[in-house]
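S.K.: fold the following.
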Amino acid sequence: MGKLALAAKITHVPSMYLSELPGPNQGYRQAAIDGHKEIRRRCLELGVDTLVVFDTHWLVNANYHINCAPKFEGVYTSNELPHFIANMPYEFPGNPVLGRMLADECNNLGVETMAHDATTLGPEYGTLVPMRYMNEDQHFKVVSVSALCTSHYLSDSARLGWAMRKAVEEHYDGTVAFLASGSLSHRFAQNGQAPQFATKVWSPFLETLDLRVVKMWENGEWDAFCNMLPEYAVKGHGEGFMHDTAMLLGALGWSDYEGKAEVITPYFGSSATGQINAIFPVTPQDGTAIPAAQASDQDGRPSTSRL
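M.R.: A predicted model of the protein is given here:
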């Protein structure tokens, strides 16, 4: 019925908003903003009606959660970085019907998930920043998924991604994009050193590790990457323990995925973290790669290549 038309790993650095404002940093995140606008352009070409965002700024301690209110509107100030994002207005439609479908299929596949359509809960900036550049005209509906998961297995997040694709393809009458909103390495600069790392990565080790991962994505080395993801999430200080990445790859077929990533915004440093915009081509899947519950967690224990 429905179609997953586009999948991407995207940045949401708050300095993108700061980059809009007059001052010494104006324009310094234009490449990241342009990357978001290119993803928007492709979504329009593909007929996408809803953007599903795996948001590593939405912290949850139990279950998986979907924010699918009918409409999102407000003024947002970041509690984490109020000097970067202050009084930023937002407004865009939600998609309660799709949100409930996603949750139902996740539950059917054994991943306990709750859809919240009658809620006053606002999105986090892992959703709000990308929507500022991808959806300023409110063309797309938006669904936000919790992806800063403190007590969850990466294998369950992969299964959730697969279930969500299954829900779209088997039950939804429309076209959807999945966006994994989070960085690669996410080791912030020590307090007092942030200005020195505004456009740098925290250490040569983390930068080298990230760049090797990007090359693996470009080469399609999915079996190797999926095996190393739990350890990379820990030793590479992955944002949200890399649950957004596990969700995205679960939707694409995990280690059976045959696509090669296309980098839209080249890897860059931001406040010591490693960032990128990259599109992962959606390839056909036969339904045999549904992840099984393996012990791949954020403690760094290795996973099996096929979840």
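
S.K.: all strands of the stretch 151-300 of the chain, in order?
M.R.: Under the criterion DSSP state E, counting those that start in this stretch, strands of the stretch 151-300 of the chain are mapped to 175-181, 262-270, 273-280.

S.K.: can you say which of the ones you listed is packed in most?
M.R.: Most buried of those by mean neighbour count (mean count of other C-beta atoms under 10 Å) is strand 175-181; its value is a mean of 27. C-beta here means a position set from N, CA and C on the backbone, and glycine is covered the same way.

S.K.: output the strands of the stretch 151-300 of the chain as CSV; include the columns distance to Ala115 and mean pLDDT.
M.R.: Shown next, in CSV, are the strands of the stretch 151-300 of the chain (distance: least, C-beta to C-beta, whole Å; pLDDT from 0 to 100):
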stretch, distance to Ala115, mean pLDDT
strand 175-181, 15, 98
strand 262-270, 30, 97
strand 273-280, 25, 98
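
S.K.: now the ones you listed as CSV including distance to Glu91?
M.R.: Listed next are these as CSV, based on distance: least, C-beta to C-beta, whole Å:
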stretch, distance to Glu91
strand 175-181, 19
strand 262-270, 25
strand 273-280, 23
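
S.K.: show me the one of these that comes nearest His243.
M.R.: strand 175-181 (8.9 Å; C-beta to C-beta).

S.K.: partner strands of that closest one and their direction?
M.R.: strand 3-10 (parallel), strand 50-60 (parallel) (DSSP bridges).

S.K.: what's the spacing between the closest residue in space to Ser157 that isn't next to it in sequence and Leu44?
M.R.: Excluding the flanking residues, the one nearest Ser157 by C-beta to C-beta, 6 or more residues apart in numbering is Ala246, at 4.0 Å. Between Ala246 and Leu44 the computed distance is 28 Å (C-beta to C-beta, to the nearest Å).

S.K.: what about these two, which has more around it?
M.R.: A direct count of neighbours by other C-beta atoms under 10 Å for Ala246 and Leu44 places Ala246 higher, at 35 against 12.

S.K.: Val176 reaches Cys43, doesn't it?
M.R.: No: using C-beta atoms under 8 Å, Val176 is not in contact with Cys43; the gap is 9.5 Å.

S.K.: touching both of the two, which residues are there?
M.R.: Ala5, Leu51 (C-beta atoms under 8 Å, 6 or more residues apart in numbering).

S.K.: who does the most centrally placed residue in the chain bridge with?
M.R.: Nearest to the mean C-alpha position of the chain, counting by C-alpha atoms, centre = their mean, stands Ala180 at 1.6 Å. Per DSSP bridges, the residues bridged to Ala180 are Lys9, Phe54.

S.K.: ok, it - contacts?
M.R.: Ala180 touches Ala7, Ala8, Lys9, Ile10, Phe54, Ala147, Asp244, Thr245, Met247, Leu248, counting by C-beta under 8 Å, 6+ apart.
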